[in-house]
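Asks: Starting from these lines, generate the structure:
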Amino acid sequence: MDNVSATFKIKELKDKLLYSLLVISSICLVTLVPVPAVNNPQLRDLLASWGDLGILMNVTSVGGFASGSVILLGIYPFLAASILMQILTLVVPKLRNLAQLGDAGTKVIAKITRIATIVMCVIMGGLCAYGIRDAFIPTLNFWVAIVIAGLAISAGAAAIAWGCEILNTKGLGNGISLILFAGCARYIPGVLVKVFTKSAEKFGLPLGIVFTVLGVILSIALITFMVFVTMGERKVKILFRKMTSGMKQFGVPNQVIPIHITQAGVMPVVYSLTIVSFPAVITAMLNPGSTDPMILSVTDVTHNVLYFILFLMFMVLFVYIFSIMQFNPVDVANEIRNYGGYIQGVKAGKLTSEYLFKLYMNMIIIGAVYLTLLCAVPMGLSLIPGLGKIWFAGLSFVILAGCITEVLMILANGIKTHEEGEKQKNKRYKSAGRNFR
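Replies: Purely as a prediction, here's the structure:
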């Protein structure tokens, strides 16, 4: 809470926070804009036939899917394009070389990702428009209606992807995390209303209120616990040799390398869910309202054991990939040695890199187990008939806690940087005052 209150005293952080709220609020307003050339009530009925898969789409679109708005695809095309570019960067040598060039290469890859996002928005927008053809206004020509609806849906998906990039550059945190956080948060009131309604009908009004309040308290407690776990870290103390000259010591001050339990954040969960659900989304997009058993077996993500197994496999893989991308033990060990540093009890050089690698791998395993348990338990329970609605519960809590943690860490780092800047400024003022005298 101290960090949040201090944020409004620092102009840069306050501007980022207000800018993030403005972008997310704008996205929420766009969810009220319906798809043109389409009968909106019929469109909502068609989209409701997606079943539990619609929960995922509703979260990615901040509620735009359920309302049948122009952003009903949400950031799903952007996620698909980003994952495709990540895979191509690892496979294609030219892209891999670009990624190793630093900021210049990163900018080129980001530009290619934007192009891939637009292409994905057009493709998925066209497929979605074809899938909702039964909801077209009858007085319009079929081809005119499909072009208008396809362009509107594609433009909506491109717009929300643009908003995601704006949040990345000018907002407070990762754009994907913030939009998914908004989607989960907007879904909460509806869930609470359902809990209250069903419990009141079955147990009476007083117990309905009690169960709803208990649900709110337990949810807040669980998210708080997850935030503390996610912010948990192992601190590795780095000692640097000092040179003494007279009464003064010179050298780099001792430092600490923080290694977090969930170094990869929420992106492994998001990427895994996107890859696993992609066949189901495309199938549901082309066959809304279908009763064909084969199609239902593909679109039913909550009761399909194959989706459950694939999700766990991809999540563990992405936890490892994203963690390794953020921390390279060999580079860190070389940098420590170059500055004359060492870890107490560990020799500099190869032994230091081996020590850091072993420690980091242990933290990756802990983080993978932690995320797997949170996501796998509700998804496993959803395989039981009648419990399909809880399959997204663990994912929602991971997204909410992960985004809160990310924002809190950005605020803490921003406040620390501001305080250090103020100290340096005061030192310069004092030095200038002494020189003036």
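Asks: low-scoring pLDDT stretches of the stretch 251-400 of the chain, where are they?
Replies: By pLDDT under 70, the weakly predicted segments of the stretch 251-400 of the chain are 251-252, 383-389.
Asks: quick one: contacts for the most centrally placed residue in the chain?
Replies: The centroid of the chain falls nearest to residue 177 when counting by CA atoms, centre = their mean (3.0 Å). Residue 177 sits next to 265-267, 270, 399, 402-403, 406 when contact means CB atoms under 8 Å, 6 or more residues apart in numbering. Using the backbone N, CA and C atoms, a C-beta is placed for each residue, glycine as well.
Asks: From residue 364, how far out is it?
Replies: Relative to residue 364, residue 177 is positioned 20 Å away (CB to CB, to the nearest Å).
Asks: cool, residue 286 as well?
Replies: Distance from residue 286 to residue 364, counting by CB to CB: 39 Å.
Asks: picking up where we left off before, got JSON lines for the contacts of residue 177, with secondary structure and distance to residue 65 too?
Replies: JSON lines is the format used below for the contacts of residue 177 (DSSP: H, G, I helix; E, B strand; the rest coil; distance: CB to CB, whole Å):
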{"residue": "265", "secondary structure": "coil", "distance to residue 65": "24"}
{"residue": "266", "secondary structure": "coil", "distance to residue 65": "20"}
{"residue": "267", "secondary structure": "helix", "distance to residue 65": "22"}
{"residue": "270", "secondary structure": "helix", "distance to residue 65": "17"}
{"residue": "399", "secondary structure": "helix", "distance to residue 65": "16"}
{"residue": "402", "secondary structure": "helix", "distance to residue 65": "22"}
{"residue": "403", "secondary structure": "helix", "distance to residue 65": "20"}
{"residue": "406", "secondary structure": "helix", "distance to residue 65": "25"}
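Asks: Can you pick out the most distant pair from those residues?
Replies: Using CB to CB, the contacts of residue 177 span at most 12.6 Å, a distance reached by 270 and 406.
Asks: Can you show me the strands along the stretch 201-350 of the chain?
Replies: Secondary structure of the stretch 201-350 of the chain (DSSP state E, counting those that start in this stretch): strands at 233-240, 243-245, 248-250, 255-260, 341-342.
Asks: and among those strands, the most buried is which?
Replies: strand 341-342 (a mean of 18; mean count of other CB atoms under 10 Å).
Asks: Direction included, what does it pair against?
Replies: Here strand 341-342 is paired, per DSSP bridges, with strand 233-240 (antiparallel).
Asks: Return the distance of the strand it pairs with from the chain's centre.
Replies: The chain centroid and the centroid of strand 233-240 are separated by 28 Å under CA atoms, centre = their mean, to the nearest Å.
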